[in-house]
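[1] Sequence plus the predicted model coming up.
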Amino acid sequence: MQSQTLQAQPTLIESLYRAVVKFYRGDARHFQITYLFSFLCYGILALGWEANLLKYAVIFGTCLAVQALGLHLTKKPMSGLKSALITSLGLCLILKANLPVTLALAAALSIGSKFVLRYNNKHIFNPNNFGIIVTMLITGDAWISPGQWGSSTLLLFFIGMLGLVVLFKVGRIDTSLAFLGTFAVLQFAKVVLWQGWPMDFFFHQFTSGTLLLYSFFMITDPVTTPNAPKARILWAAGIALVSFILTNWLFLHTAPIWALFFIAPVTVFLDKKFKHKQFQWTTS
Amino acid sequence: MDHIMKKLILTLTILMGITLQSFAFCGFYVAKADVSLFNKTSQVILARKGSHTVVTMSNDFSGDVKDFAMVVPVPEVLKREQIRVKNPAIFATFDAYSGPRMTEYYDPEVCAVAYKEYYDYDDVSVNEVQTTSMAPSREFKRMDNVKVEARYSVEEYDVVILSATESGSLEKWLIQNGYKIPTGAKEVLEPYIKNGLNFFVVKVDAEKQKFIGSSTNLRPLQIEYNSSRFMLPIRLGMANSSGTQDLVVYALSEKGRIETTNYRTVEIPTDRDIPLFVKNQGLFGKFYADLFERTYERSSKNNVYLEYSWDASLDQPVKCDPCVGPPPIVTDLTEAGASWIYKNGQLDQSSRVFFTRLHVRYDRAHFPQDLVFQETPNTTRFQGRYVVHNPPYSNSFSCSEGQDYLRKLKSRRADEMVELALLTGWNTWQYKDYLTQYDTYLERGALDETNYDAVLQHGGVNLDQSGETPTWLYILFYSLLFLLPFGKWLFRRFQTIRS
């Protein structure tokens, strides 16, 4: 009896709450924005990163402006601005530079690549990845600090778990697992079986916050990954293999990010070979 | 003539006025904390350009030199000219230049009096450990799987470059040939052998050590090589050690800061106002050692701390602010391996040198991997700087501004005490007179009723209560975030339970 009345006449707060939840669950990007934002807060509050508001403002401003321009020119709905927020947060989390203008360039390149470098309604490069790599190469003023997250196991648990939530909603968990799995097997074989380092040496690498954030949030971008699940696994394994080579023979500290840059365009061929339905952001 | 003299004096006075003002703004350097405050400290200078690395190693070995042995994995078979012995003074220069510093400010006079300037300068004394001993060098015992690639006599050092295919043999070889290496070195040596690295093995030639003179400690050794690897092998030193060791790395690079890629590089707390008695009672060294200890204890114990970063290029007018020791000059930089400041034999004034100082306290449990570095374009300046404030020198506070000043002074000193307790964990109760020191100058009725005693720490600050946000708060925060999207579902469940 009581519950009937409650359902018949929801209070203002209840209906407001329901409306918010309905809106929130309507688009997987809302999850991503929330979680990336919470990582940024974690970095600033718990890990004591230098929070330069001007630099963050430049990143967000440029991303949103370029995205708005792009959406206007291509006559697409302005809800696409949410993607720009994800790209901005990704840049804030990964890229560092001395000058704000360098970050503006990275932001413009990231978003610009989405509108210019596209094939068959998909991006050829991962937007963040493209912006970061090209900015580092041409300016010499930008860098990535792979050690900035440390190797706290608590963080592993949370990033892993939160990543799972986002990915189940988007359906790209196979990509993350294929990448991490292949990379871990190769690295385990080399470091532990062949070289004889103890297990904590191996775990230290795989609990690195940078690697996990990359695995769950960067390579899983549904508009850059191949459409078919089989193709995605192949693709992710390819990235893992290239990362393995770059890590161990060229001593690149940010190997997975470079690997993604080289492997991302392969998606075009994989999509031709393995036909599958293309991903759409909004579920409603 | 008289006219010119007057003009000159006037100009000088103006110039002095400007200098004094600028000094008052920057604060004076009064004390520093040098590496000798930390036990078991090794110091390393890294100079890196492209893939060319120069490593200068200094260690605080103070036992019998015949027990001294050093094993460093190196990426190539070093030639004789790639190995040098350096003057230990270079480490003292770098330490003094980049160490944490205390700066001192004078509050301006509140009630008008004649200006008088005053400051202290603490002299630095270097403790030298005397070593005398002898151990004649002899032929090496042969062993399969271990190859002596080269053997050099480098001043007082007997250097061997080894390559090996099996770690057990290498360990045996080292022991049989009289190198004092820790037990359990075998497991640690194995990965380096598999990685194709050679071993730079050093012993002291006691005869020559004696000849060079007993007044010096073991002198630093410098090696140079080309390799894409930019790392420091710390694992070998932890083979048989459960305790912590300190390592201070001075890095010279061309573009900007050096940081670790497999551990967090964290800035040491800086720019804090601390009580004046830290300076007056000569406690700054202890203050910094305790600050470092406490920062380390409160962390996850696997961080690398940034203590200094500054552009030390030749054309850079301000190489430190305030300077604790003289900034490195051309010879210091070239001695340390920054050979890129010379182009075609000519000193290139426009060449860049960036100085980074990292301090790491490591042990086996928290540092499973060697330290791996990268050079970043980050040119942001950083220094460990702690500030003390002196009340006006005249002690005249009779005017009403003076009385106001005294009340503010007391509240500021209370803040300084809290800061001190938070940074170092010291029991500040013992310094409680610091708060009331200027109460005698307060006139009747002007006494501040605030009970500042409450801010004093009787037994030091509890480690769990201070500063950093506790982990459970983050867990709660993330759990709530995680539950948020499932609110609707939870709400329904809640209703079902109620009905």
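    Alright, I've got the coordinates. Since this is a predicted model, take the numbers as computed values, not measurements.
[2] all contacts plus neighbour counts: C-alpha atoms, from now on.
    Fine.
[3] what's the weakest-modelled helix or strand in chain B?
    When the helices and strands of chain B are scored by mean pLDDT, DSSP states H and E, helix B:2-26 comes last with a mean of 38.
[4] sec struct for residue A:68, please.
    Under the three-state scheme (DSSP: H, G, I helix; E, B strand; the rest coil), residue A:68 adopts helix.
[5] what residues are up against it?
    A:78, A:81 (CA atoms under 8 Å, 6 or more residues apart in numbering or on different chains).
[6] Distance-wise, check it relative to residue A:105.
    Distance from residue A:68 to residue A:105, counting by CA to CA, to the nearest Å: 16 Å.
[7] And residue A:90, by the same measure?
    Here the criterion is CA to CA. By it, residue A:90 lies 15 Å from residue A:105.
[8] Neighbour count for these two, which is higher?
    Per other CA atoms under 10 Å in any protein chain shown, whichever of residue A:90 and residue A:105 has more neighbours is residue A:90, with 24 against 19.
[9] which non-adjacent residue is nearest the residue of the stretch 101-250 of chain B found nearest chain A?
    For the stretch 101-250 of chain B and chain A, the shortest gap (CA to the nearest CA) falls at residue B:191, measuring 4.5 Å. Excluding its sequence neighbours, the residue lying closest to residue B:191 (CA to CA, 6 or more residues apart in numbering or on different chains) is residue A:195, at 4.5 Å.
[10] Hmm, the one you found is touching residue B:195, no?
    Yes: counting by CA atoms under 8 Å, residue A:195 does reach residue B:195; the two are 7.0 Å apart.
[11] ok, how many other residues are close to the residue of the stretch 101-250 of chain B closest to chain A?
    Around residue B:191 there are 19 residues (other CA under 10 Å).
[12] check contacts around it.
    Counted by CA under 8 Å, 6+ apart, residue B:191 has contacts A:195, A:196, A:197.
[13] pLDDT wise, what is it at?
    The model reports residue B:191 with a pLDDT of 87.
[14] Give me the distance from the helix or strand containing it to the chain's centre.
    Using DSSP states H and E, residue B:191 sits within helix B:185-194. Remark: helix B:185-194 is offset 30 Å from the chain centroid, using CA atoms, centre = their mean, to the nearest Å.
[15] what's the angle from the helix or strand just after that helix to helix B:185-194?
    Reading on from helix B:185-194 to the C-terminus, the next helix or strand found by DSSP H and E is strand B:198-204. Orientation of strand B:198-204 against helix B:185-194 (axes from the mean of the first three to the mean of the last three CA atoms, to 10 degrees) gives an angle of 130 degrees.
[16] now what about strand B:198-204, what contacts it?
    For strand B:198-204, contacts defined as CA under 8 Å, 6+ apart pick out B:65-66, B:68-77, B:156-164, B:179, B:192.
[17] which residues touch the residue nearest in space to the middle of chain A?
    Central residue of chain A (CA atoms, centre = their mean): residue A:218, 2.5 Å from the mean position. With contacts defined as CA under 8 Å, 6+ apart, residue A:218 is in contact with A:126, A:128, A:129.
[18] Just the pLDDT for it.
    84.
[19] Run a quick neighbour tally on residue B:66.
    A count of nearby residues for residue B:66, using other CA under 10 Å, gives 19.
[20] so it makes contact with residue B:178?
    No: counting by CA under 8 Å, no contact exists between residue B:66 and residue B:178, whose distance comes to 9.3 Å.
[21] Give me the nearest residue to residue B:151, chain neighbours excluded.
    Leaving out its chain neighbours, residue B:151 is closest to residue B:160 (CA to CA, 6+ apart), at 4.4 Å.
[22] how far is stretch B:168-178 from where the chain is centred?
    35 Å.
[23] can that stretch be found next to chain A?
    No: for stretch B:168-178, no contact with chain A is found by CA under 8 Å from any CA of the partner chain; the gap never falls below 13.0 Å.
[24] buried residues in that stretch?
    B:168, B:169, B:170, B:171, B:173, B:174, B:178 (16 or more other CA atoms under 10 Å in any protein chain shown).
[25] cool, stretch B:390-408 as well?
    By neighbour count with 16+ other CA under 10 Å, stretch B:390-408 contains the buried residues B:391, B:392, B:393, B:397, B:402, B:403, B:405, B:406, B:407.
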